[in-house]
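>>> Predicted model, plus sequence, below.
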Amino acid sequence: MIPRRIHRILNVILACCVFGFLVIFIKIPSAVEKHADDTAPVLTEKEWQVINQETSKNTKIPYESPANSTIANWKFKSPDRSGSISGADIVENLKLLNENFDVLNIDKFGGLENVERVLVVQVHNRPNYLEVIIDSMRKTVGIEKTLLVFSHDINVAPINEMIRNITFARVYQIFYPYNNQLFPDVFPGNNPRDCKEKMSEAAAEEAGCDNWKQHDKYGNYRLVQLTQIKHHWWWKMNFVIDGIVEKFKMPNPWILLLEEDHMLSPDALHVLDLIVDNKVTYCPTCEIITLGIYLKTNSKYGKDIANLGVHPWYASKHNMGWALQKDTWNKIKGCASMFCNWDDYNWDWSVLQVTAKCLPARFKTIFAKSPRVFHIGDCGVHTHRCEVHRALEATIQLFEQNKNELFPKAMTVTDVSRRSLKPPKENGGWGDQRDRDLCMLNVSPLSKIAASNYSTVLMPLLNSKVRLDSDDGL
């Protein structure tokens, strides 16, 4: 198996570097199964409730499951036996593992050369929500023809176990290398010498914090939990295109973008296929297909179940369950400087600025007027007072009420608009030059790190040392 070969190479060349453990813990299910009692504890219902409560509060401390699920508890040896490893080495080795993941279930469904649909899920640490979207995927007709990509910004044992247990489709798992779990005390994590979010510039200068000049247009300093979302999204998209679609010579698949708190209808892929097959008729110039929109009421869901709309793409309306192809992404990527320097921690509003100010014409989207992707995340980054499972129960009931109308044989465009809404001003949260530099670094996620090629503000990250236990580990 590829991960075992990499493991041997890492043992010889890198002397069991930081992510050698991931080869066993994440990439090789059989190794985990043999030691399930040690690495994949079964959580009680009470423990699951604690997870949801903590993640819904947007706490700065990520959930840490028992038994070696986080980097803080792992034991490693350094390449030079000095007891530490550089940030650059950590990133390089995680990139190596990302690029050589042993795709799950290809023995059952075949390779990736003929896959025409890729579902990409951005994952943090809300396992109950992730369990729902995985279950909805399992029930989606045609899922066996797809590739599922799960992109993580944190390593959590129960989440990895869920993904390893998927048997209904091909699976590829990747990890964002510049994440806050791996670098908790240096940028991009919470460097103790950085300014607090709400400090005034005068107070920050007096305190002498390192980034006192690097606030956003509203005077706020970077907030780690928010900046990582945009970083992760941007890196993930570039890796999926360069490291998966290009690498495996996939036939220009449609890439459906999802998040861990989304849910698919049973006919989501059926509708996507209908739109793709008839796009020349519906809207030949549309480059985006949107399966999820935000309804004020579900009263017309059954009536609109076979209806489509064609509008200019707008972030707050068409950022859920949207699909695009490689050529469309490369247009966005070509405007990387605008995306990375726009003072907005939201990836979707940043993409909107690209479409409005960098591209020759705004993207247009075909969207399902009765959505096939729903947001069930009652608790999240911006919502703290919430009723867990309320949206999930409502969505399940909606599918049940309209089960006889799902899977339409044909669809019709009934809503056409040429009105392009004006993009809003920046939301801020992206004024630190280090975030902008790291964003540009992630334009090419497969490139080898060369510290001398980047701004000195990234040196603390690349040259940082993680203290390792030289007496324990692989």
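Received it, and whenever you're ready, just let me know what you need. Numbers count the residues shown, from 1 in each chain.

>>> What separation do you get for the nearest residue to residue 418 once chain neighbours are set aside and residue 204?
Of all residues not flanking residue 418 in the chain, residue 312 sits nearest, at 7.2 Å (Cβ to Cβ, 6 or more residues apart in numbering). Any C-beta I mention is one placed from the backbone N, CA and C, and that applies to glycine too. From residue 312 across to residue 204, the span is 40 Å (Cβ to Cβ, to the nearest Å).

>>> Give me the residue ranges of the stretch 251-400 of the chain where confidence is low.
Low-confidence segments of the stretch 251-400 of the chain (pLDDT under 70): 378-388.

>>> in it, which spans are helices?
Assigned by DSSP state H, counting those that start in this stretch, the helices in the stretch 251-400 of the chain fall at 268-277, 279-282, 315-318, 326-333, 336-341, 347-357, 390-401.

>>> Residue 412 is nearest to which of those helices?
Relative to residue 412, the nearest member of the helices of the stretch 251-400 of the chain by Cβ to Cβ is helix 279-282, separated by 8.7 Å.

>>> who touches the closest one?
Contacts of helix 279-282 with the rest of the structure, by Cβ atoms under 8 Å, 6 or more residues apart in numbering, involve 275, 286, 289, 308, 310, 366, 411, 413.

>>> Quick one: distance of that helix to the chain centre.
With Cα atoms, centre = their mean, to the nearest Å as the basis, the distance from the averaged C-alpha position of helix 279-282 to the chain average is 30 Å.

>>> How about stretch 285-305?
23 Å.

>>> likewise stretch 100-111?
Distance of stretch 100-111 from its chain centroid, counting by Cα atoms, centre = their mean, is 21 Å.

>>> Now that stretch - C-alpha only, PDB.
C-alpha atoms of stretch 100-111 as PDB (Å, rounded to 0.1, in the frame of the first residue of the first chain):
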ATOM      1  CA  ASN A 100       0.000  10.300  -1.600                       C
ATOM      2  CA  PHE A 101      -3.300   9.400   0.100                       C
ATOM      3  CA  ASP A 102      -4.400   5.800  -0.600                       C
ATOM      4  CA  VAL A 103      -7.900   6.500  -2.200                       C
ATOM      5  CA  LEU A 104     -10.400   4.400  -0.300                       C
ATOM      6  CA  ASN A 105     -12.800   2.000  -2.100                       C
ATOM      7  CA  ILE A 106     -11.200   2.100  -5.500                       C
ATOM      8  CA  ASP A 107     -11.100  -1.700  -5.400                       C
ATOM      9  CA  LYS A 108     -14.900  -1.600  -5.300                       C
ATOM     10  CA  PHE A 109     -15.700   1.300  -7.600                       C
ATOM     11  CA  GLY A 110     -12.600   1.700  -9.800                       C
ATOM     12  CA  GLY A 111     -10.100   4.400 -10.300                       C
END
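
>>> tell me which residues in it are buried?
By neighbour count on 16 or more other Cβ atoms under 10 Å, the buried set for stretch 100-111 is 101-105, 109.

>>> Could you identify the most distant pair in these?
Greatest spatial distance among the buried residues of stretch 100-111 (Cβ to Cβ): 101 and 109, at 15.8 Å.

>>> on that earlier part again, any chance of the helices of the stretch 251-400 of the chain in a markdown table, plus mean neighbour count and distance to residue 422?
Below are those laid out as a markdown table (neighbours: other Cβ atoms under 10 Å; distance: least, Cβ to Cβ, whole Å):
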| stretch | mean neighbour count | distance to residue 422 |
| --- | --- | --- |
| helix 268-277 | 20 | 27 |
| helix 279-282 | 12 | 26 |
| helix 315-318 | 19 | 12 |
| helix 326-333 | 16 | 20 |
| helix 336-341 | 18 | 17 |
| helix 347-357 | 21 | 8 |
| helix 390-401 | 14 | 30 |
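
>>> could you dump those to CSV with distance to residue 447?
Converted to CSV, the helices of the stretch 251-400 of the chain look like this (distance: least, Cβ to Cβ, whole Å):
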stretch, distance to residue 447
helix 268-277, 32
helix 279-282, 34
helix 315-318, 29
helix 326-333, 14
helix 336-341, 13
helix 347-357, 21
helix 390-401, 40
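
>>> just so I know, which of these lies nearest residue 122?
helix 347-357 (9.6 Å).

>>> Which elements pack onto the lengthiest helix in the chain?
Secondary structure of the chain read by DSSP state H shows that its longest helix is helix 224-239. If you count contacts as 3 or more Cβ pairs under 8 Å, 6 or more residues apart in numbering; DSSP states H and E, helix 224-239 packs onto strand 117-123, strand 147-152, helix 326-333, helix 347-357, helix 433-441.

>>> In JSON lines: the ones you listed, plus distance to residue 228.
Formatted as JSON lines, the entries for the helices and strands packed on helix 224-239 read as follows, by distance: least, Cβ to Cβ, whole Å:
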{"stretch": "strand 117-123", "distance to residue 228": "11"}
{"stretch": "strand 147-152", "distance to residue 228": "11"}
{"stretch": "helix 326-333", "distance to residue 228": "20"}
{"stretch": "helix 347-357", "distance to residue 228": "11"}
{"stretch": "helix 433-441", "distance to residue 228": "10"}
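
>>> right, and those - which one's nearest residue 296?
Checking the helices and strands packed on helix 224-239 against residue 296 by Cβ to Cβ gives helix 347-357 as the closest, at 19.6 Å.

>>> which outside residues touch that closest one?
Contacts with helix 347-357, where a contact means Cβ under 8 Å, 6+ apart, come from 229-230, 233-234, 313-316, 319, 332, 335, 338-339, 342, 344, 362-363, 420, 423-424, 426-427.

>>> cool, stretch 408-422 as well?
The set of residues external to stretch 408-422 that reach it, using Cβ under 8 Å, 6+ apart, is 267, 271, 274-275, 278, 282-283, 304-312, 314, 356, 362, 366, 368-369.

>>> again with stretch 139-146
By Cβ under 8 Å, 6+ apart, the surrounding residues in contact with stretch 139-146 are 109, 115-119, 137, 168-170, 264-270, 273, 407.

>>> Which members of these are classed as buried?
Applying a neighbour-count criterion of 16+ other Cβ under 10 Å, the buried members of these are 109, 115, 117-119, 137, 168-170, 264-270, 273.

>>> burial count for residue 361?
Counted with other Cβ atoms under 10 Å, residues neighbouring residue 361 total 11.

>>> typed the wrong thing, it's residue 419
Residues near residue 419, counting by other Cβ under 10 Å, number 7.

>>> and if you look at residue 425?
Number of residues near residue 425 (other Cβ under 10 Å) recorded here: 11.
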